[in-house]
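1. let me see the structure of the following:
(one chain, ligands or ions: 1)
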Amino acid sequence: MLSIAVWGGGSLGLLWAARLARIFPETVLLVRTEEQRDWIREKGIRLTDLAGKEERIPVHVRWIGEVGDEAFDCLLIMVKQRHLPGVAEALAAFSRLPALAVLWQNGLGQEEAFESLFPPGVLCGAVTTEGAYREGPGEVRHTGGGQTWIGPFASGAVRSEVAARFLAPLRDEGVRIEWESPIVRRIWEKVMVNCAINPLTALLRIRNGELLRSDEALSLMESVVEEAVSVARAEGVGLEADAVLKRVVEVCRRTAENRSSMLQDVERGQRTEIDWINGEVVRRGTRAGIETPVNRTLVRLIRLLEVRCSPDSGPTDGRLPSR
Ligand code: KPL
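-> Next up is the predicted model:
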């Protein structure tokens, strides 16, 4: 039997912990607060499926303050990018590291904090087109079906035996999940979609589908994608701007009613993932000598919005927050 842990009790963490607990009953969910732990320990996870049917699923749950030296075969890391250094620090204290560690963050650069911990092939990334919405501490709604890919960041790394034992039972249960080696191209494709949709929806406070109603929005998304495609190409990931833009439009249609994750962060007064999405395109563009003025402007506008929307935004010293 595989021992699996899901680190992070956000929307995807809850969805996957519930799904995995049905297949691998020993799955442990690691959450950030004692309140969330107590809620889930008492009531389980309440999952509302795509058809609107509710189910309560009991899950082993622990607060990360209780996590000591653990031995998991497989670890799904589903925290926001800004919490990754803390996870890497905690893992560095484990005497036995997982044989499969999967990073599920939006954006680029998530692997950087972990590269020195894991040998190539153990550290994987995940990209999913599924949607979920956290409705409470242990309540999650599955808002969109889709496909998930996991695979190593490193080229040439082979699928481990643990990865095969993790994937096969999920597929048997009808979960659409594939191994893709390396995962980098999928990550870039997703980043481009997030670069185009997330900041604009957050700035304009609109749902994804509304972006398609305006030529101005479409032309901004086109510029964002063109810049990002040039940067990806400089990194050896050959994507075509037209095809990517078509995909962006298709995602806007398919998720027309969604409030993007960045819009949700802004509405909750939380820091967004802009630095790891458009911000990474700018950073990598600078490294490769490629100008990315539209992405740069979106990063600045979102940072301004973060300062305005933060619950503790008092007077600032005039500096914008940096990553
Ligand atoms: O991934 C998303 C997000 O909101 O972060 C999209 C695809 C834009 C769906 O809302």
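2. got the residues of the stretch 1-150 of the chain near the ligand?
-> Residues of the stretch 1-150 of the chain lying close to the ligand by CB under 6 Å from any ligand atom are Asn106. (Glycine included, C-beta is placed from N, CA and C.)
3. give me the most central residue, the chain.
-> What sits nearest the mean C-alpha location of the chain, by CA atoms, centre = their mean, is Gln105, with 2.8 Å.
4. quick check: it is in a strand.
-> No: counting by DSSP: H, G, I helix; E, B strand; the rest coil, Gln105 is not found in a strand; it is coil.
5. what's the nearest residue to it if we skip its chain neighbours?
-> Gln81 (4.8 Å; CB to CB, 6 or more residues apart in numbering).
6. residues near the one you found, how many?
-> For Gln81, the count of nearby residues is 21 (other CB atoms under 10 Å).
7. would you mind measuring from the residue nearest to the centre of the chain to the ligand?
-> Counting by CB to the nearest ligand atom, to the nearest Å, the gap from Gln105 to the ligand is 11 Å.
8. who's in contact with that residue?
-> When contacts are counted by CB atoms under 8 Å, 6 or more residues apart in numbering, Gln105 is found next to Ile77, Val79, Lys80, Gln81, Leu84, Glu273, Trp276.
9. and the residue of the stretch 1-150 of the chain found nearest the ligand, what's its pLDDT?
-> Nearest to the ligand, among the residues of the stretch 1-150 of the chain, is Asn106, at 5.6 Å (CB to the nearest ligand atom). In this prediction, Asn106 carries a pLDDT score of 94.
10. pull out the buried positions in the one helix or strand Ile40 maps to.
-> Per DSSP states H and E, Ile40 falls inside helix 34-43. Of the residues in helix 34-43, Gln36, Arg37, Trp39, Ile40, Arg41 count as buried by neighbour count, 16 or more other CB atoms under 10 Å.
11. and what of stretch 142-160?
-> So stretch 142-160, judged by 16+ other CB under 10 Å, has buried residues His142, Thr143, Thr148, Trp149, Ile150, Gly151, Pro152, Phe153, Ala154, Ala157, Arg159, Ser160.
12. out of those residues, who's nearest Ala88?
-> Phe153 (14.5 Å; CB to CB).
13. look up how far Asp215 lies from that closest one.
-> Distance of Phe153 to Asp215, computed by CB to CB, to the nearest Å: 38 Å.
14. Gln264 now?
-> Per CB to CB, Gln264 is found 26 Å from Asp215.
15. likewise for Ser3?
-> Counting by CB to CB - Ser3 and Asp215 are separated by 53 Å.
16. which of those two has more residues huddled nearby?
-> Ser3 (15 against 8).
17. contacts only, for that one.
-> Glu26, Val28, Ala71, Phe72, Asp73, Cys74.
18. 10 Å instead, please
-> Residues near Ser3 by CB atoms under 10 Å, 6 or more residues apart in numbering: Phe24, Glu26, Thr27, Val28, Glu70, Ala71, Phe72, Asp73, Cys74, Leu75, Pro98.
19. please name the nearest non-neighbouring residue to the fifth one.
-> Setting aside the residues directly before and after it, Glu70 is nearest to Phe94 in space (CB to CB, 6+ apart), at 5.9 Å.
20. that neighbour and Phe118 touch, don't they?
-> No: shown here, Phe94 and Phe118 do not form a contact pair, counting by CB atoms under 10 Å, at 11.3 Å.
21. which of those two has more residues huddled nearby?
-> Neighbour comparison, Phe94 and Phe118: the larger count goes to Phe118, with 21 against 16 (by other CB under 10 Å).
22. how about the residue nearest to that one when sequence neighbours are not counted, what does it touch?
-> Counting by CB to CB, 6+ apart, Ala101 is the residue found nearest to Phe118 once chain neighbours are left out, at 5.9 Å. By CB under 10 Å, 6+ apart, Ala101 lies in contact with 5, 7, 72, 74-77, 87, 91, 111, 114, 117-118, 122-124.
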